[in-house]
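Peer 1: Pasted the sequence and its predicted model underneath.
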Amino acid sequence: MTPSDRADSARKQQLLELAYAHVLDHGLADMSLRPLAEAIGSSPRVLLFLFGSKDALVQALLARARQDETGMLEAVHRARPEHGLARTGELVWSWLADPGHRKVLTLWVEGYSRSLSGGAGPWEGFAERTIADWLEVFASAQPPARRDTPEGLAERTLLLSVLRGALLDLLASRDEQRTTAAVTAHLRTLEAPAAEAPAERVGSGKRSAGRTDRAARTVAAPPADVYAALLDRASLEAWLPPDGMSGRIERWDPRPGGGFRMVLTYLDTSLDPAEGPGKTSDATDVVDVRFTGLVPSERVVQQAVFESDDPSYAGTMTMTWHLTATDGGTEVTVTATDVPPGIDQADHEAGMASSLAHLASHLETAR
């Protein structure tokens, strides 16, 4: 690739992201190249040069929307399949019901409905690919003996239909409580197969899955600065590790559907290796984090999966950082839901409080 090719590729990606942000707000139905180009600081000639045609640009935008969707499904897929179809459906619905995803889901519905009209064009095959993506993830959550049966296929098809119908209802009515109750009622009918999974350990200080942990602190900085610190690689490495740990980010993609991989290392080298506290190894916690909701100056939603052979750390934990402006700066509340049972609640909430203290110190020192 020549320097000119690389420059064109970088410009193409930049304009695609700008166009994607625009169509999230305005939709694709009446998209015209000239108003779009003006809105994103380009020209119709440049867009046609880089993408080839309007249809090709629409295809690229649909692929970008599908990238957000498949990224969510991949995060669910990384969760241990022993959670079963009911738990997988719950994880998917929590993402679909998040208000931060309404724009991308509205765009997804537009692409899905246009795809149903058939015929060649940028929408061709969009609905079929979406169905295949979802059914593949649901199949991985079913026991192998059931997965390849007509009953198994019908079971996951029904779950997909329930979630898709509830999503359409939610987008139209914005009644999250009612639609979530309906989804939950269906998920209860799927809990029997999940109950056959190995029982989680109880006792010895461990708590059951589905727990919620919280911590909060007022930071003497405006919400915009706090939000920036949540999405800056160097800042996260500095303040996110709790007391007694250091952090290193190995992968970084700060956008909806992107995420990062962090290696947290315990600093106390005097511990007996056989009694090391690490989830991934004796001295480390490795976590893959995906950004599933980004609302500037208001909210960051992450899905975290720990790398561990211990089933008590399995599953996808959702971390929601809420930012509220106050007279003293910003009230930062972090809520962790679906905390793996292997994580002690008192230790976890102390660790979150420690990270918030580091965040406050990091921002207040920078001012």
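Peer 2: Cool, the structure landed.
Peer 1: wait, doesn't T88 sit right on L135?
Peer 2: No - using CB atoms under 8 Å, T88 and L135 do not qualify as a contacting pair, with a distance of 11.7 Å. Yep, even glycine has a C-beta here, placed from its N, CA and C like the rest.
Peer 1: Comparing the two, which residue is more hemmed in?
Peer 2: Set T88 next to L135 and count neighbours by other CB atoms under 10 Å: T88 wins out with 27 against 15.
Peer 1: Quick check: the nearest residue in space to that one that is not next to it in sequence vs L187, distance?
Peer 2: Taking CB to CB, 6 or more residues apart in numbering as the measure, T88 lies nearest to A141, with 3.9 Å between them; neighbours along the chain are not counted. Spatial separation of A141 from L187 under the definition CB to CB, to the nearest Å is 12 Å.
Peer 1: Look at these two and report which has more neighbours.
Peer 2: Remark: of A141 and L187, A141 carries more neighbours, 27 against 21, as counted by other CB under 10 Å.
Peer 1: Can you give me the pLDDT of the more buried one?
Peer 2: According to the predicted model, the pLDDT of A141 comes to 83.
Peer 1: do you know how far it is from T337?
Peer 2: Using CB to CB, one gets 19 Å for the distance from A141 to T337.
Peer 1: what residues are up against the closest residue to R34 other than its chain neighbours?
Peer 2: Excluding its sequence neighbours, the residue lying closest to R34 (CB to CB, 6+ apart) is P44, at 5.4 Å. With CB atoms under 8 Å, 6 or more residues apart in numbering as the criterion, the residues that contact P44 are L33, R34, A37.
Peer 1: now the residues you listed in TSV, with distance to L267?
Peer 2: Rendered in TSV, the data for the contacts of P44 read as follows (distance: CB to CB, whole Å):
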residue	distance to L267
L33	55
R34	58
A37	52
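Peer 1: What is the nearest of those residues to S9?
Peer 2: Compare each of those with S9 using CB to CB and the shortest gap goes to A37, at 18.8 Å.
Peer 1: So that closest one sits against V46, correct?
Peer 2: Yes - A37 lies in contact with V46 (CB under 8 Å); the separation is 7.2 Å.
Peer 1: got any residues that touch both of those two?
Peer 2: Common contacts of A37 and V46, defined by CB under 8 Å, 6+ apart, are absent altogether.
Peer 1: Can you name the helix or strand that the residue found closest to W108 once you drop the neighbours it is linked to in the chain falls in?
Peer 2: Taking CB to CB, 6+ apart, and ignoring the residues beside it in sequence, W108 has A65 as its nearest neighbour in space, at 5.7 Å. Under DSSP states H and E, the secondary-structure element containing A65 is helix 54-78.
Peer 1: Tell me which residues touch the nearest residue to M245 once chain neighbours are set aside, please.
Peer 2: Using CB to CB, 6+ apart and skipping the chain neighbours, the partner closest in space to M245 is L264 (4.9 Å). For L264, the contacting residues are P241, M245, S246, G247, T284, D285, V286, V287, by CB under 8 Å, 6+ apart.
Peer 1: Pick the one among the residues you listed closest to S312.
Peer 2: Relative to S312, and with distances defined as CB to CB, the nearest of these is D285, at 13.6 Å.
Peer 1: Wasn't that closest one part of a strand?
Peer 2: Yes - under the criterion used here (DSSP: H, G, I helix; E, B strand; the rest coil), D285 sits inside a strand.
Peer 1: what would the contacts of L264 look like in TSV with neighbour count?
Peer 2: Below are those laid out as TSV (neighbours: other CB atoms under 10 Å):
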residue	neighbour count
P241	23
M245	20
S246	12
G247	18
T284	17
D285	22
V286	18
V287	20
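Peer 1: what's the span of stretch 24-39, first residue to last?
Peer 2: 13 Å (CA to CA, to the nearest Å).
Peer 1: Could you list the low-pLDDT ranges of the protein?
Peer 2: Segments of the chain classed as low confidence (criterion: pLDDT under 70) are 1-8, 29, 70, 72-83, 118-121, 191-210, 269-282, 366-367.
Peer 1: Go ahead and flag the most central residue of it.
Peer 2: Averaging the C-alpha coordinates of the chain gives a centre point, and the residue nearest to it by CA atoms, centre = their mean is T292 (2.8 Å).
Peer 1: which stretch of helix or strand covers that one?
Peer 2: Assigned by DSSP H and E, T292 falls within strand 284-295.
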